[in-house]
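Asks: Attaching a predicted model along with its sequence, questions to come.
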Amino acid sequence: MKRRRRVLDDSSERGTVLLETALALPLVILFIVGSAYMGLGVFNSTQAASSARDGARRGSLSYRQADIPGSSDAAAITGAIRQRLGDPSFVTAINCVGPNDTTPLPGGCAAASVISQDRIQVVVTWQVPGPRTARGSALMSLNGLPITDSAP
């Protein structure tokens, strides 16, 4: 008796490929979207940290009234941050701290000194588009005498 080989038609193979694609495609799309979302989060965190560094760099030169909201020193620091972020939806915390810790100095930035190696700390909390918040901070040594607005 001859055995007959069963010939598979292409339609059953196409159904298998369709089923495998239907199972795998959502996972691939989820991976791609998740990677993009995480990449955007890392980018936003980096931007917040860079803007805090920019503000601390500006504040290290002009610091006597940096911790007083509305002062020219605080405005210069905020301007440096705004220039980096290009977005007004951020909050800053500016403090002058000692050389060995992050406790604000008792007299504020007016009591800060280059000789005692005090530092300025800038913390930026940025409300990025969507329900996310990025936070960055920077500590920088005070450099030289503070810049004053008055001409000599």
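Replies: Structure's in. What do you need?
Asks: Sheet partners, orientation included, of whatever helix or strand T133 lives in?
Replies: In the assignment (DSSP states H and E), T133 maps to strand 132-141. Using DSSP bridges, the strands paired with strand 132-141 in its sheet are strand 119-128 (antiparallel).
Asks: buried ones in the partner strand?
Replies: 119-126, 128 (16 or more other C-beta atoms under 10 Å). Bear in mind the C-beta positions are built from the backbone N, C-alpha and C, glycine included.
Asks: May I have the phi/psi pair for P106?
Replies: Phi and psi for P106, reported as degrees, to the nearest 10, are phi -60, psi -40.
Asks: The one 5 residues further on now?
Replies: Backbone geometry at A111, expressed as degrees, to the nearest 10, gives phi -90, psi 0.
Asks: now do R84
Replies: phi -70, psi -50.
Asks: which one of the buried residues of strand 119-128 is nearest E20?
Replies: Of all the buried residues of strand 119-128, V128 has the smallest distance to E20: 37.9 Å, by C-beta to C-beta.
Asks: Against S137, how distant is N95?
Replies: Separation of N95 from S137 (C-beta to C-beta, to the nearest Å): 10 Å.
Asks: Could you tell me which residues touch both of those two?
Replies: Q121 (C-beta atoms under 8 Å, 6 or more residues apart in numbering).
Asks: orientation of the helix ranked longest in the chain relative to strand 132-141 in degrees?
Replies: Counting by DSSP state H, the longest helix found in the chain is helix 10-59. Using axes from the mean of the first three to the mean of the last three C-alpha atoms, to 10 degrees, the direction of helix 10-59 lies 40 degrees away from that of strand 132-141.
Asks: Check the offset of helix 10-59 from the chain's centre.
Replies: 18 Å (C-alpha atoms, centre = their mean, to the nearest Å).
Asks: which secondary structure elements does it contact?
Replies: With contacts taken as 3 or more C-beta pairs under 8 Å, 6 or more residues apart in numbering; DSSP states H and E, helix 10-59 sits against helix 72-85, strand 90-97, strand 119-128, strand 132-141.
Asks: Okay then, goodbye and thanks.
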